[in-house]
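Undergrad: Provide a 3D model corresponding to the input given below.
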Amino acid sequence: MTTLIRRILTGLCMALTLGALLAVSASAQQMPQTTSERLAGTPSTAIQVLRGTVVQVDGNDLLVRMSSGDLRNFIVPESRRFVIDGKELSVHDLKPGTRLTATITTTTTPVTQRTTTIGTGRVWYVGGNTVVVTLPNNENRMYKVQDSYRFIVSGRKASVHDLRKGMVISAEKIVEEPMTEIASNTVVYGQAPPAPKPVVARTPAPVTHEAAPAPAPTPAPARAPAPTEVAEAKLPPALPKTGSPVPLAGLLGLLFTTASFCLRKLRQG
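TA: Numbers count the residues shown, from 1 in each chain. The predicted structure is shown next:
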């Protein structure tokens with residue numbers, strides 16, 4: 001008897017569990033199912049070319065003097081690479097004076113995000129374009145429906161004005177949201193500044209030490225002429241005792257006589 005009761009109770013539990021699972025499964029299948037899709041339009045492409053010269057680099061900050069003369073500061077990500085003279089460099093490798101040419105390709109694509117919800121329910125209220133539907137989980141939801149929208153009632157299409165309270169309906173809700181996707185692809189080329197010319201130290205010409213000309217000999221000072229010795233006639237302090245004034249008087253007399261004779265001749269003549 002006890003064994004039979006246990007079997008009956010076990011069977012009831014299994015039946016209840018299976019029923020609950022089936023109910024949950026059915027309810028889940030009847031709940032609105034939502035799907036999303038992305039509808040892309042025709043993309044458009046724009047190309048922009050920027051030119052400039054590197055002024056200064058500090059970390060990821062890049063200061064560039066544009067071809068227009070304006071200064072622009074760029075925050076460069078670590079992943080950005082610059083093709084300088086055929087080599088890929090990071091922003092930290094750029095040197096002042098490097099000429100850059102950036103080609104920016106921007107692709108703009110119009111996108112429509114479409115969300116579709118399909119579900120079933122029972123009309124709880126309808127008035128004008130407003131309808132309240134009781135979902136399988138007994139939750140009431142209110143919708144504003146356009147005149148062009150169609151519900152499925154017993155396999156047939158019906159507008160919101162054809163609905164009545166208690167009808168089981170199947171509805172499809174489509175929501176379209178326009179968006180724009182912008183994708184940019186930037187390629188930067190450049191030329192490094194020319195390397196400074198090496199300064200070649202000039203070797204000074206060898207200095208030839210020529211013998212300096214010997215200074216001209218300083219002429220010896222002229223010697224003062226030797227004093228001329230003037231022989232002084234030394235008169236005798238006194239006539240010799242043998243001398244006499246008579247010869248002198250005779251000589252004077254002869255001179256006067258001659259002079260007188262000459263004067264006479266001149267007068268006569």
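Undergrad: what's downstream of the lengthiest strand in the chain, the next helix or strand?
TA: What stands out as the longest strand in the chain, according to DSSP state E, is strand 99-127. Per DSSP states H and E, the first helix or strand lying C-terminal to strand 99-127 is strand 130-134.
Undergrad: Chain neighbours aside, what residue packs nearest to V83?
TA: By the measure of C-beta to C-beta, 6 or more residues apart in numbering, the closest residue to V83 outside its immediate chain neighbours is Y189, 5.0 Å from it. The way it works is simple: take the backbone N, C-alpha and C, and place the C-beta from them, glycine included.
Undergrad: List the residues that contact the one you found.
TA: Applying C-beta atoms under 8 Å, 6 or more residues apart in numbering to Y189 gives the contacts 82-84, 100-103.
Undergrad: Now, of those, which are buried?
TA: Among the contacts of Y189, those classed as buried by 16 or more other C-beta atoms under 10 Å are 82, 84, 100, 102.
Undergrad: so how far is I84 from the third one?
TA: When C-beta to C-beta, to the nearest Å is the yardstick, L100 and I84 sit 8 Å from each other.
Undergrad: nearest to A46, of the buried ones among the contacts of Y189?
TA: A102 (14.0 Å; C-beta to C-beta).
Undergrad: The closest one contacts N185, correct?
TA: No - the pair A102 / N185 is not scored as a contact, 11.0 Å apart, by C-beta atoms under 8 Å.
Undergrad: Tell me how many other residues crowd T35.
TA: T35 has 9 neighbouring residues, counting by other C-beta atoms under 10 Å.
Undergrad: Quick check: nearest residue in space to it, chain neighbours excluded?
TA: T116 (5.1 Å).
Undergrad: ok, the one you found - how many residues close by?
TA: 14.
Undergrad: Need the three-state assignment for the residue nearest to V83.
TA: Three-state assignment for Y189 (DSSP: H, G, I helix; E, B strand; the rest coil): strand.
Undergrad: Next: T258.
TA: helix.
Undergrad: Okay, it and L94: tell me how far apart.
TA: 137 Å.
Undergrad: could you measure M66 against P193, distance?
TA: 17 Å.
Undergrad: what does N185 give?
TA: Here the distance between N185 and P193 works out to 27 Å (C-beta to C-beta).
Undergrad: Quick check: bridge partners of the residue nearest to V83?
TA: Beta bridges link Y189 to V83, T101 when assigned by DSSP bridges.
Undergrad: number of nearby residues for the residue nearest to R99 when sequence neighbours are not counted?
TA: Residue nearest to R99 in three dimensions, not counting chain neighbours: Q191, with 4.9 Å by C-beta to C-beta, 6+ apart. Neighbours of Q191 under the rule other C-beta under 10 Å: 13.
Undergrad: next SSE after the one helix or strand in the chain whose mean pLDDT sits lowest?
TA: When the helices and strands of the chain are compared on mean pLDDT, DSSP states H and E, helix 2-30 comes out lowest with a mean of 52. Going down the chain from helix 2-30, the next helix or strand is strand 33-40, by DSSP H and E.
Undergrad: Surely Q146 touches V131?
TA: No - with contact defined as C-beta under 8 Å, Q146 does not count as touching V131 (11.6 Å).
Undergrad: Those two: who's more crowded?
TA: V131 (24 against 8).
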